[in-house]
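Engineer: mind looking at a prediction? Sequence and model below.
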Amino acid sequence: MIFWFGFAWQSAWSRRQALALVTISVAVSVLILLSVQQLRDDARRSFSNALSGVDLIVGPRGSATELMLYSVFQLGRPSRNMGYAGFQEIQTMPQVRWAVPIQLGDTYQGHPVLGTTATLFTEFKSQGQGLSWAHGRAFGNPQQQVAALKEVVLGAEVARRFGHQLGDQLVMTHGAGGGPEDTDHEDQPLTVVGILEPTGAPIDRSVLVNLETFEAMHQGWGLGISPRALQAAQAQQVVTPDTKNLEPVSLSAVWVGLHNRSDVFSVRRKIESINRDPLMAVMPGVALDELWQVVKVVENTLVLVGLLVAASAMLSVAGVLLVAMAGRRKELAILRAMGVSPKAMLGYVLLEAVLICFLGILLGELLSQGLMWAAQDLLRVQFGVLVQPGWPSAQAWLSLGAVGIVAVLASLLPAWQAYRLSLVDGLHPPTV
């Protein structure tokens, strides 16, 4: 066996230029297959951990999927809000370590504006990593410093897209924009005091302000017209709002962290039993896993495409070897003259083809892991996918096993051709 292995390798090496291209095509196809497999697993894990460290997300009773979409990914809008009194009651629960209010509704150049508290910057985690500052700091506490009402923090993508720096003046838009021209909060421009490092999470695409700032921008909007229009009617007399009167009436959602995660079910029942406001408490990991099932058909389709690419590469190996078989008739005839049996000839060519296929599979695995390791920072920051290079998953091993079986079956085609030629040429050797 060792003799035939070395002999098959020497024969392949003599035709290394053509077979190298075949090996590379196999490696690329395996690279595509393994990359799809790993990115699928890592994307699912990253999606489930998009909001790590948060034990419960609380919002008005309704659809858990809708709550996750607008509170975590800022997609869509809540059909109704929860009362601020419910947030205050959640804060006083002994099992609750921290609670972060989330207020949505306004935008900046199409990016959502989040009204919240500075606690978010210390407690928020994505993929197990907390927030860090590229420039500046968090906004201040308006209760201690009135100037904090004019402060805003930008996510990394917002700052990069518009080229904002510390000290820039920004004007928020009331609602999603696209309505009347006087829907901007031009009467209350905000100053950039902090820019976050990229995380790959939805917070990169967000603009964050104090909860009091969010309320201050909306004083007077309940009348149905812009406060700016009212100010124009009152000789543009701008009065600094009293921070004591800026407590919100309602919130979009609340992120909750517990002292002990084992209390999550008891706290959930306690929150949902609050009488004054029908609330819903959702565990982010469970809800995100359920949400991922929506795109399961797409991920399975990608895996299927990867398998088909790999199978086509294996068939290309068989095709190249079949085409080259005519040029090897003299070699095979010499081996027959030396006493090699047709069955041994079949095994010899089969071994050579399998070697090429498995060398391509090994090279594809090495390329896949190398590219994943090199691109892991880019994938995390730009796409929010935390890649974990390493051994292929169990499902990836099954896919590789399927590719290996296809490689052996495809290799039988040139091997069978060699067997037939060896029978013919053993009796009638080809003329020179």
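Structural biologist: Yep, that arrived.
Engineer: in contact with the most centrally placed residue in the chain, which residues?
Structural biologist: In the chain, the centroid-proximal residue (Cα atoms, centre = their mean) is residue 385; its distance is 3.6 Å. For residue 385, the contacting residues are 39, 42-43, 46, 200, 379, by Cβ atoms under 8 Å, 6 or more residues apart in numbering. All C-beta atoms are positioned from the backbone trio N, CA, C, and that covers glycine.
Engineer: cool, residue 99 as well?
Structural biologist: Applying Cβ under 8 Å, 6+ apart, the residues near residue 99 are 87, 90-91, 119, 254-257.
Engineer: kindly report the same for residue 402.
Structural biologist: Counted by Cβ under 8 Å, 6+ apart, residue 402 has contacts residue 307.
Engineer: output stretch 293-304 in CSV with nothing but the alpha carbons.
Structural biologist: Extracted in CSV, the C-alpha atoms of stretch 293-304 (Å, rounded to 0.1, in the frame of the first residue of the first chain):
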residue,chain,number,x,y,z
GLN,A,293,-36.0,30.7,12.8
VAL,A,294,-37.5,33.2,10.4
VAL,A,295,-34.2,33.1,8.3
LYS,A,296,-33.6,29.4,8.7
VAL,A,297,-34.7,28.7,5.2
VAL,A,298,-32.1,31.1,3.9
GLU,A,299,-29.2,29.7,5.9
ASN,A,300,-30.1,26.1,4.8
THR,A,301,-30.2,27.3,1.2
LEU,A,302,-26.7,28.7,1.6
VAL,A,303,-25.4,25.4,2.9
LEU,A,304,-27.0,23.6,0.1
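Engineer: distance from it to the middle of the chain?
Structural biologist: 14 Å (Cα atoms, centre = their mean, to the nearest Å).
Engineer: residues making contact with it?
Structural biologist: So stretch 293-304 is contacted by 33, 36-37, 40, 43-44, 399 (Cβ under 8 Å, 6+ apart).
Engineer: neighbour-wise, which of those residues leads?
Structural biologist: residue 33 (30 neighbours; other Cβ atoms under 10 Å).
Engineer: close enough to count as contact, it and residue 312?
Structural biologist: No - the criterion here is Cβ atoms under 8 Å, and residue 33 misses it with residue 312 at 11.2 Å.
Engineer: domain assignment for this protein?
Structural biologist: The record, using automatic domain parsing to delimit domains, assigns the chain the ranges 2-47+295-427, 56-103+251-282, 104-247.
Engineer: one step back: closest one to residue 168 out of the contacts of stretch 293-304, please.
Structural biologist: Nearest to residue 168 among the contacts of stretch 293-304: residue 43, at 34.0 Å, using Cβ to Cβ.
Engineer: list the contacts for that closest one?
Structural biologist: 299, 385.
Engineer: go on, residue 282?
Structural biologist: 56-59, 64, 67-68.
Engineer: just those: which are in helices?
Structural biologist: 64, 67-68 (DSSP state H).
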